[in-house]
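here is a sequence together with a model predicted from it:
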Amino acid sequence: MKKIKLALVLGLVVLLAAAFATPSCAPTPTGPAVDKILIGGPISISGKYAKEGGQCLWGIQAGVKWVNEVYGGIKIGGKKVPMEYKYYDDESKKELVTSFIERAITVDKVHAVISPYSSGLVLSGAPVAEKYGVVYMNQGGASDRIHQQGYQYAVQVYVPGTRYHVEALNMLQKVDPAAKKLALSYEDEEFSRTVEEGTKTYATKLGYNIVFDRFYPSGVTDLTPILSDLKAAKPEIILGGGHFADTQLFCKQMADLSIDVKAVNLVVGPTLPEYYKALGALAEGFAGPAHWEYGVKFSPEAAKAAGVKWIGPTQDEYMELFKGISKGVEADYHGGASGAVVFSLVLGVEAANSIESAKVRAALGDLKFMSVYGLWDIDQTGLQVGHTSVDVQWQNGKKVIVWPLDAATGKVCYPKPTYAEIKAGKKAIPK
């Protein structure tokens, strides 16, 4: 009997000790325990968007490498776990995008889907991620329409398409308020239609006279008919573009037709390092909006001054990481933005202390931070409202940030050289 009583007393002591023990300070994660955070989805390694897709791929890989090797992994449930990225080449095709996203979710069991590049492909994949209730990181689509469909899990990184040429117009208004004859010529594609819409609205508000406004077919191989009509309209400024291939053709055939204007600002193409490599001196003076560019002034110090959290490597550290993966190719804005996708997910998972998509998505909506890419802040629809773009221009074979003034690394060359001057060897050097 004494032994039984002693056992009961000892048992009671153990229970009381457990009840009053100091709890672990490590937070308990919600949902199943994980040993890694898996992200993935389709990306354009080949096809129409291969140039941009390659930048996106290297940017994501650079971000993941920093998270694992420098940051030490993502903190969840009191421990740090690594991040892994799995991708498939969608060949720039919508039908492959949808099948690969479904595969990433149902077979690979990714915790978040990383979108493909281009608004059209992003739109095609969004319903699949929504169907399965998985966070959809829109790292390649600027069209406002993506976030007007009521999707609960889509989150945007780029500046919205309707704002792409807003800063270019602000710059031109400042540089030459008397130049009012404006021509618009964009690719007839989801993203660039959005840009045209926003540009036309803002240009009209500023008092520009739109003397030409026409789309050209996606995949066009000859812009001569449209550019001939544009030339006849006698614009002073041209805004337009779509992606790499068409803006390269745009530049070549403008030269063929000797279309001399004071300024040309095209989306996507002129921001890529390969643009000048492909066109040489013909690209002198061409400009374009960029979400990010080497030389921007985002830093831990800038984040502190802005009162927001900083995450990620510094600009020089990021470029070194990127070039190590890309085998020497420098990051353009596509590469910078894709790195920010990774950093935002890290903070989202850590804030949620969970891999459950609904909780991570809610946490992403509450985030406001700065990385090498700049500020992050999204609205309730997932639309990016915190980030702003810069404008770059090719000058003497180099890309120079020319706007806004507080981010500029040089002055804008205005007016750009004529084609006769370029033929004679003149470069776009500011006066």
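Yep, that arrived. Numbers count the residues shown, from 1 in each chain.

residue contacts, I37?
Contacts for I37 (Cβ atoms under 8 Å, 6 or more residues apart in numbering) come out as I74, I76, V81, P82, M83, E84, H111, A112, L345, V349, I355. In this view, the C-beta of every residue, glycine as well, is placed from N, C-alpha and C.

now the buried members of these.
I74, I76, V81, M83, H111, A112, L345, V349, I355 (16 or more other Cβ atoms under 10 Å).

pLDDT at the fourth one, what is it?
Translated: M83. Among the per-residue scores, M83 holds a pLDDT of 98.

isn't it up against V349?
No. Assessed by Cβ atoms under 8 Å, M83 is found out of contact with V349, at 9.0 Å.

overlap of the contact sets of those two?
With Cβ under 8 Å, 6+ apart as the test, M83 and V349 both reach I37, I74.

next, count neighbours for I325.
18 (other Cβ atoms under 10 Å).

right, I mislabeled it, should have said G78
12.

and E102, by the same measure?
E102 has 16 nearby residues by other Cβ under 10 Å.

could you do the one 4 residues further on as well?
T106 sits with 11 neighbouring residues when counted by other Cβ under 10 Å.

cool, the one 3 residues further on as well?
When neighbours are defined as other Cβ under 10 Å, K109 has 10 of them.

tell me how far the nearest residue to it once chain neighbours are set aside lies from L345.
Leaving aside its chain neighbours, K109 sits nearest to L38 (6.7 Å; criterion: Cβ to Cβ, 6 or more residues apart in numbering). Using Cβ to Cβ, to the nearest Å, L38 is found at 11 Å from L345.

same check, this time on P160
Separation of P160 from L345 (Cβ to Cβ) stands at 20 Å.

before we move on, the earlier item: shared neighbours, L38 and L345?
Common neighbours of L38 and L345 (Cβ under 8 Å, 6+ apart) are M83.

who touches K205 in this structure?
K205 neighbours (Cβ under 8 Å, 6+ apart): none.

assumed the residue nearest to K109 was part of a helix.
No. Applying DSSP: H, G, I helix; E, B strand; the rest coil, one finds L38 to be strand, outside a helix.

that one contacts P82, doesn't it?
No. L38 is beyond contact range of P82, at 9.7 Å (criterion: Cβ under 8 Å).

pull up the overlap in contacts between the two.
Residues touching both L38 and P82 (Cβ under 8 Å, 6+ apart): there are none.

what about the stretch 1-150 of the chain, any weak spots by pLDDT?
Residue ranges of the stretch 1-150 of the chain with pLDDT under 70: 1-32.

now do the helices in it.
For the stretch 1-150 of the chain, the helices defined by DSSP state H, counting those that start in this stretch cover 2-20, 50-66, 94-106, 119-132.

burial measure for D35, as a count.
D35 - counted by other Cβ under 10 Å - has 7 other residues nearby.

next, count neighbours for S218.
Using other Cβ under 10 Å: S218 sits among 16 other residues.

ok, the nearest residue to it once chain neighbours are set aside to I43 distance?
Spatially, and ignoring its direct neighbours in sequence, S218 is nearest to E189 (4.6 Å; Cβ to Cβ, 6+ apart). For E189, the distance to I43 (Cβ to Cβ) stands at 18 Å.

same question for D366.
D366 is 28 Å from I43, by Cβ to Cβ.

just K309 next, same as before
Counting by Cβ to Cβ - K309 and I43 are separated by 28 Å.

and G280, by the same measure?
29 Å.

so these two - more neighbours on which side?
I43 (29 against 10).

pretty sure that one contacts C56?
Yes. Here I43 reaches C56: they are 5.8 Å apart, a contact under Cβ under 8 Å.

now do the shared contacts for the two.
Y117.

dihedrals phi and psi, L184?
Main-chain torsions, L184, degrees, to the nearest 10: phi -120, psi 130.

and it, what pLDDT?
On pLDDT, L184 comes in at 98.

look up which residues are beta-bridged to it.
Taking DSSP bridges as the rule, L184 bridges to D213, L239.

could you verify my assumption that it touches T199?
Yes. Counting by Cβ under 8 Å, L184 touches T199, with 6.3 Å between them.

what residues are shared contacts of the two?
Joint contacts of L184 and T199 (Cβ under 8 Å, 6+ apart) are L239.

who's more crowded, those two?
The neighbour comparison of L184 against T199 (other Cβ under 10 Å) goes to T199, with 29 against 23.

secondary structure element for the more buried one, which one?
helix 190-205 (DSSP states H and E).

how many degrees apart are that helix and helix 119-132 in direction?
If you take axes from the mean of the first three to the mean of the last three Cα atoms, to 10 degrees, helix 190-205 sits at 110 degrees to helix 119-132.

tell me the gap between helix 190-205 and the middle of its chain.
In terms of Cα atoms, centre = their mean, to the nearest Å, the centre of helix 190-205 is set 19 Å apart from its chain centre.

again with stretch 343-360
20 Å.

and that stretch, what's its mean pLDDT?
Averaging pLDDT along stretch 343-360 yields 98.

cool, stretch 266-274 as well?
93.

who's in contact with that stretch?
The contact list for stretch 266-274 (Cβ under 8 Å, 6+ apart) reads 51-52, 55, 164-165, 186, 191-192, 195, 238-244, 246-248, 250-251, 275, 283, 286-290, 293, 329-330, 332-333, 392-394, 399.

can you rerun that using 7 Å?
51, 164, 192, 195, 240-244, 247-248, 250, 275, 283, 286-290, 329-330, 332-333, 392, 394 (Cβ atoms under 7 Å, 6 or more residues apart in numbering).

now stretch 318-326
58-59, 61-62, 65-66, 294, 312-313, 329-331, 335, 339, 372.

now that stretch: buried residues?
Under the neighbour-count criterion of 16+ other Cβ under 10 Å, stretch 318-326 has Y318, M319, L321, F322, K323, I325, S326 buried.
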